[in-house]
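Enquirer: The sequence isn't on hand, but the structure is:
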């Protein structure tokens, strides 16, 4: 049973079938419960099961009713996760109420009927029969009931205690088919991973080249802008000098000789040409800056496009990881191992019960010790094989890491891209 904490009463729904299992409390019992909740709050958690739209109440209908009357928006709850926990919660009041012996027997009988119905509805008939004959435990049935019919049948096939009854050719055919499917999935996944890593590598190289080019253009733009500012300062200085010469010429116009006037006019002509040259250079720099701005905007759009493509491939890798994990889970369900180990455990347990009722000599003891050691070694080997064949964790981040490692090794394609960027 899992503790949930306080849950909003608006999320807790009620089923009439569950609510009507027991007779309602008398007025006196209801009043005592109300006073207890007023004084100390709800001491015993309500028990619920999870549904798609919230929770369904299993135990605590009167406590929820009183909480609503007292204006309590939240109530403490525990979550029943297994079928056994749900049944125990539904019939919790059979142990806590003052029922007559006849009524108690009726409720116990109803509990057994509902328990059978829960398992018979959720398990395939063959597994339900094994549960009824106690060949599998209820705890294992709780895990199997969460699986679909196909997976339950797959597990049932692995429960064969007498493997000699299954023809070897059938076993081989099943193993060959399983190996073929696993190999097909692995080949498909390997091809997708290779394609993903190659595409990401190309996108990363293109993105790196574009960003390097953008940095170069940004530096060029800064250099041109600085040159433009320098030219503007020079032009302003020339304008000042021309104005000073013109003012000086105007003041001395009446007293200047023809030669001096020509010298002044020559100086002014030089300054005017210098100014025109500077203004032409300024216009050229402005045109260059405009082109650089256009190139920078184009590269920024290209970088945005490349980053969008990279995100799409990351989403594709997530989908691929889910497909891979689903494939591994289908062929390597932990329940397949657990069921076989449970069969071995029950066989050994039956053998222990058998030897308790007989007397044995020293040779039998030596033989049992030998097989005990063999079983210990087999269990060590089992654990070692499981540890060796751990499921690979396939994620987009892992694929990105592989690509970054490959890039760091300096593949020829990336080197050529970097040289082009530097050029």
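Expert: Nice, thanks for sending it over. Just so it is clear, the model here is predicted, and its values are computed rather than measured.

Enquirer: Tell me the helix or strand right after the helix or strand harbouring residue 184.
Expert: Taking DSSP states H and E as the criterion, residue 184 maps to helix 168-251. Later in the chain than helix 168-251, the nearest helix or strand by DSSP H and E is helix 258-331.

Enquirer: Distance from the chain centre to that following helix, please.
Expert: 39 Å (C-alpha atoms, centre = their mean, to the nearest Å).

Enquirer: For the helix or strand just after that helix, name the packing helices and strands.
Expert: Sequence order places helix 334-355 as the next helix or strand after helix 258-331, per DSSP H and E. For helix 334-355, the helices and strands in contact under the criterion 3 or more C-beta pairs under 8 Å, 6 or more residues apart in numbering; DSSP states H and E are helix 138-144, helix 149-157. Where C-beta positions appear, they are placed from N, C-alpha and C, glycine not excepted.

Enquirer: Of the ones you listed, which is nearest residue 182?
Expert: helix 149-157 (14.3 Å; C-beta to C-beta).

Enquirer: residues touching the closest residue to residue 118 other than its chain neighbours, list them.
Expert: Counting by C-beta to C-beta, 6 or more residues apart in numbering, residue 118 lies nearest to residue 83, which is 4.9 Å off, once chain neighbours are set aside. Neighbour list for residue 83: 115, 118, 119, 122, 138, 141, 142, 145 [criterion: C-beta atoms under 8 Å, 6 or more residues apart in numbering].

Enquirer: Just the buried residues of these.
Expert: Among these, the ones that count as buried by 16 or more other C-beta atoms under 10 Å are 115, 118, 119, 122, 141, 142, 145.

Enquirer: Can you tell me which of those residues lies closest to residue 129?
Expert: residue 119 (10.6 Å).

Enquirer: any idea how far residue 137 lies from residue 385?
Expert: According to C-beta to C-beta, to the nearest Å, residue 137 and residue 385 sit 25 Å apart.

Enquirer: who has more neighbours, these two?
Expert: residue 137 (13 against 9; other C-beta atoms under 10 Å).

Enquirer: Return the per-residue confidence for the nearest residue to the more buried one once chain neighbours are set aside.
Expert: Closest residue to residue 137 in three dimensions, ignoring its sequence neighbours and counting by C-beta to C-beta, 6+ apart: residue 342, at 7.3 Å. We have a pLDDT of 83 for residue 342.

Enquirer: burial of residue 342, as a residue count?
Expert: Look at residue 342: counted by other C-beta under 10 Å, it has 17 neighbours.

Enquirer: can you pull the contacts of it?
Expert: So, once contact is read as C-beta under 8 Å, 6+ apart, residue 342 ends up touching 136, 137, 140.

Enquirer: roughly how far apart are it and residue 125?
Expert: Counting by C-beta to C-beta, the separation of residue 342 from residue 125 is 20 Å.

Enquirer: for residue 67, same thing?
Expert: The gap separating residue 67 from residue 125 is 43 Å, by C-beta to C-beta.

Enquirer: What of residue 301?
Expert: As judged by C-beta to C-beta, residue 301 and residue 125 stand 63 Å apart.

Enquirer: List the contacts of the closest residue to residue 234 other than its chain neighbours.
Expert: Spatial nearest neighbour of residue 234, chain neighbours left out: residue 278 (5.5 Å); criterion: C-beta to C-beta, 6+ apart. Shown in contact with residue 278 (C-beta under 8 Å, 6+ apart): 231, 234, 235, 238.

Enquirer: Adding pLDDT, distance to residue 16 and neighbour count, write those out as a markdown table.
Expert: Listed next are the contacts of residue 278 as a markdown table, based on pLDDT from 0 to 100; distance: C-beta to C-beta, whole Å; neighbours: other C-beta atoms under 10 Å:
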| residue | pLDDT | distance to residue 16 | neighbour count |
| --- | --- | --- | --- |
| 231 | 76 | 89 | 19 |
| 234 | 81 | 94 | 16 |
| 235 | 74 | 93 | 18 |
| 238 | 75 | 98 | 20 |
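
Enquirer: re earlier: show me what the helix holding residue 184 is packed up against.
Expert: In this structure, helix 168-251 packs against helix 258-331, helix 396-408, helix 412-422, with contacts taken as 3+ C-beta pairs under 8 Å, 6+ apart.

Enquirer: And the nearest residue to residue 76 once chain neighbours are set aside, how far from residue 178?
Expert: Using C-beta to C-beta, 6+ apart and skipping the chain neighbours, the partner closest in space to residue 76 is residue 45 (4.7 Å). For residue 45, the distance to residue 178 (C-beta to C-beta) stands at 46 Å.

Enquirer: does residue 24 sit in a helix, a strand or a coil?
Expert: Of the three states, residue 24 takes coil under DSSP: H, G, I helix; E, B strand; the rest coil.
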